[in-house]
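Turn this into a model:
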Amino acid sequence: MESNSIDQIIRDRRTIRTLTDQMISLETIHDLLESASYAPYHSKEEPWEVVMVSEQQERQAFVKEIMNSYERLDIWARYDQENLEKAKKRTQDYFLDVPITLIVTAPICTSEKSNLEAIGAVSAFIQNFQLAAWARQIGVTWRTIPVIFDQVFKQNVGVAVERQIIGLLDISAVDDKMKLPMSRRKPVAQWTKSLKEQVSEMSEGNK
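Residues are numbered from 1 along each chain as shown. The predicted model follows:
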């Protein structure tokens, strides 16, 4: 994994869903969080807060809350019912095996503008964390699974009612032998237009 420049790290970073047994120290996580905290924000105070799930007892309690939330939200109805028990076990086993999870939150603001700014800032914080982690051969999966919108789940994992979960970050070291997924992006020309072009196209479409 090359990490010669920030540009290269941005292009090389991948979402890693394959877990490894390599240890990641809490000191390393704290260092990465400190780097992440240099994300830009609009408010007077930094809007991000993080709940860390790392110890075995915490992990078991956390996974229990995920599984309970899946039941509460009737998520399992979407699965193949013939293999439902296997799907439940596979889901539970995966989350139990994740070495460290971060629950990253932002304040819920009454102003639409302030709420957008808070979500944007915390999203930038998460991306900073992912990039800093990748530079140390640590993979991050940014999850927005339905449980993050479950108020009971939020309360049971210690998230205040006045805050919203922006993501669950599953963290695992990257094995050098791991086959990394390909990443494809559309050419810039396909999604970039001048103001004149955009306004002209919209005007034509409204005729």
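
What is the neighbour count of the spatially closest residue to L169 that is not a sequence neighbour?
The shortest distance from L169 to any non-neighbouring residue, by CB to CB, 6 or more residues apart in numbering, is to L102 (4.2 Å). Where C-beta positions appear, they are placed from N, C-alpha and C, glycine not excepted. For L102, the neighbour count with other CB atoms under 10 Å is 23.

Go ahead and confirm L102 touches V157.
No - L102 lies out of contact with V157 (CB atoms under 8 Å); the separation is 11.5 Å.

what residues do these two have in common as contacts?
Shared contacts of L102 and V157 (CB atoms under 8 Å, 6 or more residues apart in numbering): V51.

ok so, going back, show me what the residue nearest to L169 is bridged to.
Beta bridges link L102 to M52, L169 when assigned by DSSP bridges.

Who are the contact partners of it?
By CB under 8 Å, 6+ apart, the neighbours of L102 are I29, L33, V50, V51, M52, V53, F129, L168, L169, I171.

Let's see that with 7 Å instead.
Residues near L102 by CB atoms under 7 Å, 6 or more residues apart in numbering: V50, M52, L169, I171.

Strands of this structure, residue ranges please.
Taking DSSP state E as the test, the strands found in the chain are 49-53, 100-107, 138-143, 163-173.

Tell me, what's the model's pLDDT at the residue nearest to L169?
Turning to L102, the model gives it a pLDDT of 98.

In space, not sequence, find me the middle residue of this structure.
W142 (2.1 Å; CA atoms, centre = their mean).

Surely that residue touches I171?
No - W142 is beyond contact range of I171, at 10.4 Å (criterion: CB atoms under 7 Å).

measure the residue nearest to the centre of the chain to Q60 for me?
23 Å (CB to CB, to the nearest Å).

give the contact list for the residue lying closest to R143 once chain neighbours are set aside.
Distance criterion CB to CB, 6+ apart; nearest residue to R143, sequence neighbours excluded, is L168 at 4.4 Å. Applying CB under 7 Å, 6+ apart to L168 gives the contacts T101, I103, R143, I145, I148.

Adding distance to I66 as columns, could you present those residues in CSV?
Below are those laid out as CSV (distance: CB to CB, whole Å):
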residue, distance to I66
T101, 10
I103, 11
R143, 10
I145, 8
I148, 10
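
Just the buried ones from those?
T101, I103, R143, I145, I148 (16 or more other CB atoms under 10 Å).

and which of those is nearest R78?
Proximity of these to R78 (CB to CB) peaks at I145, which lies at 12.2 Å.
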